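Colleague: Generate coordinates for the sequence data below:
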Amino acid sequence: MIYRPHKYQEYAKDFIIDHPEAAVFLDCGMGKSVLTLSAIDELMYERFEIRRVLVIAPLRVAKNTWPEEIRKWDHTRYLTYSVITGGPEKRREAMMSDADIHIVNRENVAWMIEKSGIPFDYDMIVVDELSSFKNSDAKRFRSLMKVRPKVKRIVGLTGTPSSNSLMDLWAEFRLLDMGERLGKFKSNYTSNYFRPDRMNGYVVYSYKPLPGAEDRIYERISDITISMAARDYLDMPERIDTNVSVELSNKESIAYKELKKELILTLPDGEITAANAASLSGKLLQMASGAVYTDDSDVIHIHDRKLDALEDQIEAANGKPVLVAYWFKHDLARIQDRLKEAGIAFETIDTDASIARWNRGEIAVGLIHPASAGHGLNLQNGGSTIIWFSLTWSLELYQQLNARLWRQGQKDRTVVVQHIIANGTIDERVMRALETKDAGQQALIDAVRAEI
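Modeller: Purely as a prediction, here's the structure:
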């Protein structure tokens, strides 16, 4: 296929070429991979500045998306590549391949650097989804930092650089510029831009930005960073967000409020205990969706309100394909049981084959977990409606999954994002946090505090 880049893609490609350290924050669907491949092509075969590139990506994106993008375009299809996945011997064989581009899933980064026994020999790194390196304590981050000085070029790609808070940015830019802009030590970054928020004695649980800190941080990183939103550059389909409300019965509401108040709930089938704010939040979200795990990992049924609403929404789609997002395993089991009972055909989308069937229009109802279908996957060919059966505090996963449908290349003119909300529950607070892009740990804690 002939590549006819948008102006913003040309600009971003040139930015990567002109900046040995580049942070490219583009919305999903804006073609981050092809513009990066275009920059690699020019740097490698026109400017002769690089000879071997390592691409680090989520597993499915590493196995499928990057190889597909390389093969897809006329100007990149001659680039050779090797995918470093599978068992240890297969990975070593792939690393030994004399290819232009080596592609590895982020879970194998530590292995290839620390345990493969093969010297790290790359002069350019592309981190697809830079946000997956926001934890400076993670093994993948520490391993990559050991070899970072050997690499003369690095590109960080993401659409959600600080999905939880500005604290995320330190590790990401420490990887990119080795601490030049936000400091080499997280403690200095924290003291320069934040103040303690929630504390217990000397233990700080969360931080708040100092006045003007956000602007100062952005100013510090602006010389190596570009950020573009799809709506500003692409003819995006209209997106309609709607909430479908369900009401708990008086008995169900009493049980919900008892757990919320007492942090412990005794039901005929078992006892449910919430040890802290995060645990309580999870229990309340489960109850809002209709079932909850006991302390013995059994599942207690609470209500079917959301299942009834889901069945109604699928029926209202009149055969139009819908994605149904769930969070808890018992959500999936209960949804499957209800759809079987109603005679509604469905399939869980969790493999390459099921993704392909969805995109061919062969699946009427696709059940999907946000964590398994986030970064880099193209699902827009299979439908334009997503129903959130249960919600997540993760703004990153929420945005990424919605962007699988609401993106460039969507055939329908309208994408519908529906949320099934249990009134009077924590669902409402999660929804507000997502809408205000404040869906981090602090929002979770604040929500639970307010609920109590």
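
Colleague: can you tell me the helix or strand for the spatially most central residue of the chain?
Modeller: Nearest residue to the geometric centre of the chain (C-alpha atoms, centre = their mean): residue 397, 3.7 Å. In the assignment (DSSP states H and E), residue 397 maps to helix 395-402.

Colleague: That helix: how far from the chain's middle?
Modeller: 5 Å (C-alpha atoms, centre = their mean, to the nearest Å).

Colleague: Export only the CA atoms of it, formatted as PDB.
Modeller: Once non-C-alpha atoms are left out, helix 395-402 reads as follows in PDB (Å, rounded to 0.1, in the frame of the first residue of the first chain):
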ATOM      1  CA  LEU A 395      -8.100   5.900  32.800                       C
ATOM      2  CA  GLU A 396      -5.400   4.400  30.500                       C
ATOM      3  CA  LEU A 397      -7.300   1.100  29.900                       C
ATOM      4  CA  TYR A 398     -10.600   2.900  29.600                       C
ATOM      5  CA  GLN A 399      -9.300   5.300  27.000                       C
ATOM      6  CA  GLN A 400      -7.300   2.700  25.100                       C
ATOM      7  CA  LEU A 401     -10.200   0.300  24.800                       C
ATOM      8  CA  ASN A 402     -12.600   3.000  23.600                       C
END
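
Colleague: Excluding its own residues, what touches the helix or strand just after it? List them.
Modeller: Once helix 395-402 ends, the next helix or strand along the chain (criterion: DSSP H and E) is strand 414-422. For strand 414-422, the external contacting residues (C-beta atoms under 8 Å, 6 or more residues apart in numbering) are 237-248, 288-289, 305-306, 309-310, 313, 384-389, 391, 402, 405-406, 427-428, 431. C-beta coordinates here come from the backbone N, C-alpha and C atoms, glycine included.

Colleague: from these, which ones fall inside helices?
Modeller: 288-289, 305-306, 309-310, 313, 402, 427-428, 431 (DSSP state H).

Colleague: Now render these as TSV, adding distance to residue 32, neighbour count and pLDDT.
Modeller: Output for these, formatted as TSV (distance: C-beta to C-beta, whole Å; neighbours: other C-beta atoms under 10 Å; pLDDT from 0 to 100):
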residue	distance to residue 32	neighbour count	pLDDT
288	35	28	92
289	33	28	92
305	40	20	91
306	35	26	93
309	36	19	90
310	33	27	93
313	32	19	87
402	17	21	88
427	32	24	93
428	34	18	92
431	28	17	90
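
Colleague: and which of the residues you listed is nearest residue 137?
Modeller: Compare each of the ones in helices among the contacts of strand 414-422 with residue 137 using C-beta to C-beta and the shortest gap goes to residue 402, at 29.2 Å.

Colleague: Give me the nearest residue to residue 417, chain neighbours excluded.
Modeller: The spatial neighbour of residue 417 that comes closest, neighbours along the chain excluded (C-beta to C-beta, 6 or more residues apart in numbering), is residue 241 at 4.8 Å.

Colleague: what does residue 3 give?
Modeller: Nearest non-adjacent residue to residue 3, counting by C-beta to C-beta, 6+ apart: residue 73, 4.7 Å away.

Colleague: about what we covered before: can you check what angle separates the helix holding residue 397 from strand 414-422?
Modeller: Taking axes from the mean of the first three to the mean of the last three C-alpha atoms, to 10 degrees, one finds helix 395-402 and strand 414-422 inclined to each other by 130 degrees.
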